[in-house]
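# Coordinates for the following, if possible.
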Amino acid sequence: MLSPLVAAFRTPDLRKKILFVIGIIILYRLGATIPSPGVNYKVVNDCMDQINSGDNQVYALINMFSGGALLQLAVFAIGIMPYITASIIVQLLTVVIPRFEQLRKEGQSGQAKMTQYTRYLTVALALLQSTGIVALASRGQLLPDSCTGDVLSDESVFALTIVVLVMTAGACVVMWMGELITERGVGNGMSLLIFAGIAARIPAEGKAILDQRGGLAFALVCVAALVIIAGVVFVEQGQRRIPVQYAKRMVGRKMYGGSSTYLPLKVNQAGVIPVIFASSLLYLPNLVLQLTSGSDDTAGWKKFVNDYLTDPTSWSHILIYFAMIIFFTYFYVAVTFNPEERADDMKKYGGFIPGIRPGQPTADYLGYVLSRITLPGSIYLGIIAVLPNVFLDMSSGGSASGLNFFGGTAVLIMVGVGLDTMKQVNSQLMQRKYEGFLK
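Numbers count the residues shown, from 1 in each chain. As a prediction, this is how the structure comes out:
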């Protein structure tokens, strides 16, 4: 394992890329610790122990992605979430808006235009999200009720506007950092920033579990995390390889084709996107409830949310979460993988699946295989995501925010990003005839 790493650092251009990625990540973590102007840093620090115990679940997912910067109202408090949300929205709109579908088929120029639209939407979402967070902080609803003191030292309109603008600008800088890593570094920049945010929170969350539940529980959590990581790696690497044969054809005076290859369909074709969708929608009612807590017309809505959606250890919450993950897995796979387009591309270049006629029969076969492997993939995503909630329900109770870092969404993201980055480093090493990470 160390010999490929040494070979990577001995290669000048690859070493520059790795060091560039490390430098950007250091700057990102530095910005996640610098408080926004007007934030009472002492009050926030005094409340962090209670935050780590998980009393506030509204922004648990976003706070995990930001590496703890959200609840500290840091410059990079919003993190990468607006860009992820904007990317998902733009990708889903390609099915609804014909203009976006046309841009997607135009190649590099169309992709540049789509990226521009994603950036504009990211700024709008960052502004909206930072406004909501600052509004919650000014009303004392962002941190637990047991926290004393004002989070914002100045709650005038001008001061709140400055905080919103700083946090919005921080989200734009994070987006720029992610694009720089993708362009000049190794791996996907946005994914690596999420990886860095989650990894930065693991020591603090592990210490919280050790202090609250004791050494035996901490050891069991670590063993369970290792088992989950092994299972996630096994499933993430699993794929159904559909054989594809290309017929020979003459182009000018040269013969092309005649080769055999395969079309890989991953068991987890949707990645971690369904978990993010389900988590965001499941926390949305609680967020709306906090924003409208002063109204008397929300008594029935408040009772429903508190009874069925707020407690992450309740079986109603777990079942709804599990069902939403399965639904969004099928939905996202249907949006991102078009069997008709794949069948047309194969037919255009003289490819066919042995035993299957080109054209519509090939599309029907691809759709049939995809639907069969999506079911175990969606069940796998649901089980991994709800494991922390089930563990807490079987134990003495508590919050899932701590155990999420040792099993669940965090493990899915970290393992997926780690495997993807290793594959990219491995491919660059193999081009230089070095032994790669993956054998």
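
# State the next helix or strand along the chain beyond the lowest-mean-pLDDT helix or strand in the chain.
Within the chain, no helix or strand scores below helix 400-403, which has a mean of 50 by mean pLDDT, DSSP states H and E. As assigned by DSSP states H and E, the chain's next helix or strand after helix 400-403 is helix 409-431.

# quick one, what contacts Val417?
With contact set as Cβ atoms under 8 Å, 6 or more residues apart in numbering, Val417 has these partners: Gly187, Asn188, Ser191, Leu192, Ile194, Phe195. C-beta: built from backbone N, CA, C; applies to glycine.

# Name the nearest of those relative to Val123.
Taking Cβ to Cβ as the measure, Val123 lies nearest Ile194 of these, at 19.4 Å.

# which residues of the stretch 201-350 of the chain fall in helices?
Listed in chain order, the helices of the stretch 201-350 of the chain (DSSP state H, counting those that start in this stretch) span 273-291, 299-308, 315-336, 339-348.

# Give me the contacts around the last one.
Contacting residues not belonging to helix 339-348 are listed as 244, 263, 351-353, 358-360, 362-364, 366-367, 370 [Cβ under 8 Å, 6+ apart].

# What are the structural domain limits within the chain?
What automatic domain parsing lists as the domains of the chain is 32-185, 201-439.

# Could you pull up the contacting residues of the residue nearest to Leu160 when sequence neighbours are not counted?
Excluding the flanking residues, the one nearest Leu160 by Cβ to Cβ, 6 or more residues apart in numbering is Val134, at 5.6 Å. Neighbour list for Val134: Leu73, Leu152, Leu160, Val163, Val164, Met167 [criterion: Cβ under 8 Å, 6+ apart].

# In a strand, Gly187, correct?
No. Using DSSP: H, G, I helix; E, B strand; the rest coil, the secondary structure at Gly187 is coil, not a strand.

# tell me the phi and psi of it?
Phi and psi for Gly187, reported as degrees, to the nearest 10, are phi 90, psi 180.

# Okay, now the unreliable bits of the stretch 1-150 of the chain?
Low-confidence segments of the stretch 1-150 of the chain, defined by pLDDT under 70: 1-4, 45-69, 71, 140-149.

# that older thread, can you add mean pLDDT and distance to Asp420 and give the helices of the stretch 201-350 of the chain back as CSV?
Converted to CSV, these look like this (pLDDT from 0 to 100; distance: least, Cβ to Cβ, whole Å):
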stretch, mean pLDDT, distance to Asp420
helix 273-291, 72, 14
helix 299-308, 68, 36
helix 315-336, 85, 16
helix 339-348, 84, 22
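
# Need the ones you listed in a markdown table (columns: distance to Gly79).
Putting the helices of the stretch 201-350 of the chain into a markdown table (distance: least, Cβ to Cβ, whole Å) gives the following:
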| stretch | distance to Gly79 |
| --- | --- |
| helix 273-291 | 13 |
| helix 299-308 | 25 |
| helix 315-336 | 21 |
| helix 339-348 | 34 |
